Every structure is written in structure tokens, then in C-alpha cells.
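**Student:** sequence-free structure coming up:
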């Protein structure tokens with residue numbers, strides 16, 4: 001699955017302080033910089049990452065999720081992960097970062113359901 005693209009949609013959250021990043025595709029080294037650029041451009045203190053269409057992540061993807069967490073903690077924000085598959089959850093658990101994220105079910109924004 002190497003070289004598979006990562007699609008990112010950016011939507012408003014439930015408040016002005018939140019943005020929702022909807023991902024489709026693997027979060028891996030091949031597309032990591034595209035993902036990092038997308039979340040770093042966001043000024044909202046809280047980010048929700050809808051991962052319901054992410055089949056897997058590698059260690060660089062996990063590292064980037066941790067980077068989002070650290071950046072938002074510094075500004076008093078939060079990071080939520082939604083729709084995390086069993087395979088992605090295993091990667092988070094193996095790296096022992098599953099406990100730092102608020103993890104929920106399903107997509108958050110109405111655009112994700114369209």
C-alpha cells in the first residue's frame with residue numbers, strides 16, 4: 001500500500017475553537033508532510049482528527065499525532081481522535097500513546113456524513 005495518497009478535508013468543528021481534519025488513506029511516511037502541513041496551518045486550539053477512513057498508520061504517523069497533541073497542549077487546546085480502527089488502535093497501544101488522546105466513535109462533522 002506504499003504510495004497510497006492521504007486525502008485531508010478540513011471542516012469547522014462544533015465551536016470556533018475547534019477544527020475537524022477528516023483523513024482518508026494511510027497515515028504513513030510517504031504522505032506525512034502533507035498531513036503535517038495541513039494541521040500546522042490550523043489556528044484553532046483544538047483539533048479533532050476523524051480517522052474513520054484511515055486503514056493504518058506507521059510510526060511516523062503516530063509521531064505526527066503526538067506532535068499535534070503537544071502543540072495543542074501548549075496553547076490550552078485538545079486533540080480528539082474519532083473513528084479509530086482496531087488496526088490503528090493497536091499501533092497507538094503498542095507505542096503507548098493511546099492514553100494521551102481522547103478517542104471517540106465515528107465522524108464528528110456533518111460534512112463527514114455527506
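**Tutor:** Ah, there it is. A quick note: this is a predicted structure, and the numbers were derived from the prediction, not measured.
**Student:** which residues of the chain fall in strands?
**Tutor:** For the chain, strands defined by DSSP state E occupy the ranges 7-12, 18-24, 46-53, 79-82, 102-104.
**Student:** what is the least confident helix or strand in the protein?
**Tutor:** Every helix and strand of the chain was ranked by mean pLDDT, DSSP states H and E. The lowest is helix 110-113, at a mean of 38.
**Student:** helices along this protein, start to end?
**Tutor:** Assigned by DSSP state H, the chain shows helices spanning 32-40, 59-74, 86-94, 110-113.
**Student:** of those, which is nearest residue 13?
**Tutor:** Proximity to residue 13, assessed across these by C-beta to C-beta, is greatest for helix 110-113 (11.0 Å). Every residue, glycine included, has its C-beta placed from N, CA and C.
**Student:** and for residue 104, the neighbour number?
**Tutor:** Neighbourhood size, residue 104 [other C-beta atoms under 10 Å]: 14.
**Student:** I'd guessed residue 47 sits against residue 77; true?
**Tutor:** Yes. If you go by C-beta atoms under 8 Å, residue 47 and residue 77 touch, sitting 7.2 Å apart.
**Student:** more neighbours: the two, which one.
**Tutor:** Neighbours per residue (other C-beta under 10 Å) separate residue 47 from residue 77, with residue 47 holding more: 22 against 17.
**Student:** could you check the pLDDT of that one?
**Tutor:** Listed pLDDT for residue 47 reads 96.
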